[in-house]
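>>> sequence unknown, structure follows:
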């Protein structure tokens, strides 16, 4: 916890409150994956990203073998 507070003191306050603080200057709203995807006009690749990440981030059904 001490390291977290120390790091928080070294960076801007929204660095830890926002998923993608580096994207904030480029977006008109809170930076998240969907906002970045839409700004880059890469929405057509969303199904492929979801499919590709299932091995790393499985659903609850895959975790329990249902």
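Yep, it's here. No experiment lies behind these values; they were computed from the predicted model shown.
>>> for residue 41, helix, strand, or coil?
Put simply, residue 41 is coil when judged by DSSP: H, G, I helix; E, B strand; the rest coil.
>>> phi first, then psi, for it.
Torsion angles at residue 41 (phi, psi; degrees, to the nearest 10) stand at phi 50, psi 50.
>>> for it, the count of nearby residues, please.
7 (other CB atoms under 10 Å). C-betas here are computed from N, CA, C, even on glycine.
>>> again, but for residue 31
Residues lying near residue 31 (other CB under 10 Å) number 19.
>>> what helix or strand is it located in?
Residue 31 belongs to no helix or strand when elements are defined using DSSP states H and E.
>>> which residue packs closest to residue 27, ignoring adjacent ones?
Using CB to CB, 6 or more residues apart in numbering and skipping the chain neighbours, the partner closest in space to residue 27 is residue 35 (5.1 Å).
>>> may I ask which helix or strand encompasses the one you found?
Element membership of residue 35, judged by DSSP H and E, is helix 33-39.
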